[in-house]
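# No letters, just coordinates:
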């Protein structure tokens, strides 16, 4: 029994319609991004929600892409329409591209551990090898980052040591200057506290004069 194609129609339930719009919109934006990265294509996508909200993606400048599209459309209208052979070639290329994108998505899910229930031993071994290679790359990058951070800390340590040495020398100079400033004051105090060389003293031996007769 051959089943006919399901006819697409508008979703009547507003909530279901909004949920479907969000999912399909995100999927379409993701496809546009992957197409631009995988094939180095210039892709621009514009979406307006039922409420008029704008969603867009551009692998290059959106305005320049629009101007390029307008020029291309103008030239295409002025020239002859493409032949049936070219149209078939474009459809074939688009179908191949969609298959490649689906294969990449499947491979990505398997790398994340999803959808591997039907994978063969060979496929699981390939996935394991890819993961081990990725882990090695990540560890190498982590080691490099650690080395860079250690080098930065060493540079900071040298800078702090140099700054500490500079401050120590500055402190020694200031202390020496302070000692020189105090020296005249110490000398003056010593002179004030010393006996006067001009004062004459006599030494008397015996009883005081008042007791002599």
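Noted; the coordinates are in hand. Small disclaimer: the values here were computed from a predicted structure and weren't measured.
# List the buried residues in stretch 24-39.
Within stretch 24-39, the residues that qualify as buried are 31, 32, 34, 35, 36, counting by 16 or more other C-beta atoms under 10 Å. Using the backbone N, CA and C atoms, a C-beta is placed for each residue, glycine as well.
# Just the ones in helices from the residues you listed, please.
Secondary structure from DSSP state H places 31, 32, 34, 35, 36 of those in helices.
# if I look at the second one, how far off is residue 58?
To tie it back to what came earlier, the one meant is residue 32. Residue 32 is 9 Å from residue 58, where distance means C-beta to C-beta, to the nearest Å.
# any shared contact partners between these two?
Common neighbours of residue 32 and residue 58, using C-beta atoms under 8 Å, 6 or more residues apart in numbering, are 43, 45.
# Just put the buried residues of stretch 24-39 in JSON lines and tack on distance to residue 138 and pLDDT.
Output for those, formatted as JSON lines (distance: C-beta to C-beta, whole Å; pLDDT from 0 to 100):
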{"residue": "31", "distance to residue 138": "28", "pLDDT": "93"}
{"residue": "32", "distance to residue 138": "29", "pLDDT": "91"}
{"residue": "34", "distance to residue 138": "23", "pLDDT": "92"}
{"residue": "35", "distance to residue 138": "27", "pLDDT": "92"}
{"residue": "36", "distance to residue 138": "26", "pLDDT": "89"}
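# okay if I get the residues you listed as JSON lines plus distance to residue 124?
As requested, those are exported to JSON lines (distance: C-beta to C-beta, whole Å):
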{"residue": "31", "distance to residue 124": "28"}
{"residue": "32", "distance to residue 124": "32"}
{"residue": "34", "distance to residue 124": "25"}
{"residue": "35", "distance to residue 124": "29"}
{"residue": "36", "distance to residue 124": "32"}
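# for these, which one is nearest residue 140?
For the buried residues of stretch 24-39, the closest approach to residue 140 (C-beta to C-beta) belongs to residue 34, at 27.0 Å.
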